[in-house]
Structure formats: C-alpha cells, structure tokens
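Asker: Okay, sequence plus prediction incoming.
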Amino acid sequence: MQTLNDRPTEPRQGTMMRAVTQHAYGSPDVLDVAVIDRPTIAGDEVLIEVEAAGLDRGVWHLLTGKPYLIRLMGFGLTKPKNPVAGMDVAGRVVAVGDDVTRFAVGDEVFGIGTGTYAEFAAAKEAKLVHKPDTVTYEQAAASPISGITALQALTTHGRVEAGQHVLVIGASGGVGSFAVQLAKALGASVTGVASTGKLDAVRALGADHVIDYTRQDIDDGDTRYDLIVDTGGRNALSRLRRALTPRGTLVIVGGEDGDSLTGGIGRQLRAALLSPFVTQRLTFFVSDESLDSLRELAEHLSEGTVNAAIGRRFTLDEVPQALRAMESGALTGKAVVTVTP
C-alpha cells in the first residue's frame with residue numbers, strides 16, 4: 001500500500017480521526033462525534049483525507065433504517081453495518097490499495113465513499129474520479145449522488161432531447177437542482193416546480209419557467225411536457241399523465257408516502273404496470289453508482305454547465321442539525337459537511 005510522504009500540506013497525523021458515528025438506527029439523536037481508528041482499505045480502495053462531504057436523502061434512510069427494505073439489502077438488520085455516516089466525498093488521496101491503478105497519493109478526487117462524515121474515509125476506485133481544478137471541494141462533495149441521479153433520470157431513463165419541454169418537480173432540492181441545470185445543458189426548455197420561497201433559487205439555476213405548487217397545478221392545461229422528472233413528489237399518477245404530452249415520458253425518482261416497509265413505491269409500481277397499455281412512457285428507477293455517469297458529471301462540472309447549488313454548510317458536530325433541516329424541508333439546493341475548517 002502506497003502512503004503519502006511528500007506533499008506541500010501534510011495530512012492529519014496519527015492513526016485516529018474524528019467521525020460522526022452511529023451504532024443504532026433512529027433519529028439524529030443517535031449520532032455522536034467520536035475519536036476512532038482510521039479505516040483500513042482493501043486492494044481496490046483508496047484512503048481519502050476528507051475535505052467535504054455531501055448531504056443526501058440516502059443518509060437519512062441509513063440513519064433511520066427505513067424503509068426496512070434497505071436492511072435486507074445488506075446495510076445491517078438490527079444496526080448499521082457501517083458505524084460512520086456519509087457517502088458523498090471530496091478530498092485528497094493519502095493511501096492506495098495494491099490493485100488501484102487510476103489514482104496516486106496526493107490526487108484530488110471526488111465520488112462516493114463509505115463513512116465520509118469523518119476526517120478520513122475509504123472509497124472504491126470505481127466510485128471516484130479526479131476533481132476538476134476549477135471545482136471546489138465543497139462543490140465536488142455536493143455533486144455525486146444527486147448529480148448522478150439527475151443525469152440518469154434525464155438521459156438513461158428520460159431520453160431527453162434538445163428542444164423538448166421538461167418539467168422538474170422538486171426543482172429546489174438536491175436532485176432537482178441538478179436536473180434543472182443538466183436539462184438546460186442538454187438543450188431542453190425547463191420548468192421547475194417549487195414552493196413560493198424557493199422560486200428565485202430555481203430561476204437562478206436557469207429554469208425558463210417556474211411553478212409555485214402552492215398556487216398552481218401542474219396540469220392546469222396551459223402546457224404539456226415531453227418529459228417530467230418527479231423527484232419524490234406527491235402528485236397523483238393521473239395528474240402527472242395529464243401534464244404529459246400523448247407520447248411523453250414520466251420518470252419518478254424516490255418514494256413519496258413514507259411507507260416503513262418499502263419506502264412508498266406504490267405509485268411507481270402502478271406507473272410501471274400501466275405503461276405498456278398507454279402511449280406515454282411511465283417509469284421509475286433507482287440510480288446506480290456507475291463510473292461512466294460520474295465521469296460525465298465531472299465533465300459538466302469542469303465545463304461549468306452545471307454547478308452544485310450549495311445552500312448551507314455544516315461542520316461534523318452539526319451533522320444532526322443538518323439532517324433535521326433536510327428532513328423538515330428547510331434546505332434549498334445541496335447542503336455540505338465541511339470537514340476541514
């Protein structure tokens with residue numbers, strides 16, 4: 001294993017680190033900042049000195065252990081398998097596994113790791129890319145999971161084309177803020193849906209039009225859309241279909257009703273069952289952490305066509321507060337955890 005021995009700024013010394021730990025499922029109250037051993041890495045992993053980490057909905061699910069389906073997916077039946085929270089990450093490589101070929105000690109990277117709310121985190125080589133020089137650590141850390149999800153919703157599943165009219169529901173949120181920008185970058189005309197106080201933020205992302213869902217229905221008849229990306233909204237399937245063109249596509253991202261067992265995928269399943277019998281494409285998906293998608297996202301960030309819309313910054317000690325703010329809907333855009341002051 002190669003280790004860092006020559007760089008302008010020395011890494012934090014010692015074999016211990018501060019980390020946000022979790023030894024039981026529950027509310028943010030179960031989180032604690034403790035001093036623990038640094039992670040050891042496998043042959044296909046790198047060790048990252050974390051500069052910043054992103055906050056996303058997946059962290060909440062792994063905190064609460066709900067929906068229960070995620071426990072059956074290998075994250076731990078009665079308690080979290082990984083005792084340190086966090087997935088999105090940006091930082092510097094300080095050690096590489098024996099099988100790693102794309103990275104060297106000192107490289108600036110971002111992507112998806114394990115236990116990233118900590119001073120050091122492990123990540124698989126296949127889930128990292130080099131951080132563009134023009135992108136800050138915070139911007140990079142805020143991008144991976146939400147950015148990949150938005151990109152796949154638009155391209156892999158939405159098959160967006162230049163000139164199409166795209167509706168993004170939840171446009172002020174993590175995935176939605178990326179979807180607005182990516183749809184614009186791909187040549188679409190974009191309408192963003194958000195609450196009254198967040199409309200200016202959606203306009204700032206580049207949306208051509210905005211809808212205040214507290215005052216206007218998306219199916220009011222004025223416009224029909226070629227593609228609707230619904231990022232965990234609560235609109236009935238019938239309403240979404242009325243807002244689509246006759247051959248339009250609906251992509252549902254995430255659950256909506258808080259079902260403890262499955263996370264509320266009833267609407268998604270109904271859409272998939274109905275789709276073969278109508279002219280509209282009605283789909284849903286769970287994003288995959290593909291290297292190709294991460295590379296494409298990195299290109300957009302490097303070119304400046306997409307920027308992480310960072311709303312708030314939190315320290316390691318403030319992670320419980322950050323999670324409560326996210327769950328209450330108080331956040332706009334992406335929140336980041338700044339690990340290095």
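Answerer: Okay, I see it. Numbering: from 1, shown residues only.

Asker: Am I right that Leu294 sits in a strand?
Answerer: No - per DSSP: H, G, I helix; E, B strand; the rest coil, Leu294 lies outside any strand segment and is helix.

Asker: quick one: pLDDT of it?
Answerer: The model reports Leu294 with a pLDDT of 97.

Asker: what about it, neighbour count?
Answerer: Using other C-beta atoms under 10 Å, the number of residues around Leu294 comes to 23. Where you see a C-beta, it was placed from the backbone N, CA and C, and this is true even at glycine.

Asker: need the contact list for the residue lying closest to it once chain neighbours are set aside.
Answerer: Spatial nearest neighbour of Leu294, excluding adjacent residues (C-beta to C-beta, 6 or more residues apart in numbering): Val129 at 5.2 Å. Counting by C-beta atoms under 8 Å, 6 or more residues apart in numbering, Val129 makes contact with 109-111, 291, 294-295, 298.

Asker: again, but for Tyr25
Answerer: 63-66, 78-80.

Asker: how about 6 Å then?
Answerer: Contacts for Tyr25 (C-beta atoms under 6 Å, 6 or more residues apart in numbering) come out as 64-65.

Asker: Could you look up the SS state of it?
Answerer: With three-state DSSP as the criterion, Tyr25 reads coil.

Asker: and it, backbone torsions?
Answerer: The phi/psi pair for Tyr25 (degrees, to the nearest 10) reads phi -80, psi 150.

Asker: Okay, it and Leu31: tell me how far apart.
Answerer: Relative to Leu31, Tyr25 is positioned 11 Å away (C-beta to C-beta, to the nearest Å).

Asker: ok, now Val168?
Answerer: Distance from Val168 to Leu31, by C-beta to C-beta: 31 Å.

Asker: So the two - more neighbours on which side?
Answerer: Between Val168 and Leu31, counted using other C-beta under 10 Å, Val168 has the larger neighbour count: 36 against 21.

Asker: Please name the residues that touch the spatially closest residue to Ser146 that is not a sequence neighbour.
Answerer: Nearest in space to Ser146, with sequence neighbours left out and distances taken as C-beta to C-beta, 6+ apart, is Gly174 at 4.0 Å. Gly174 makes contact with 56, 146, 334, according to C-beta under 6 Å, 6+ apart.
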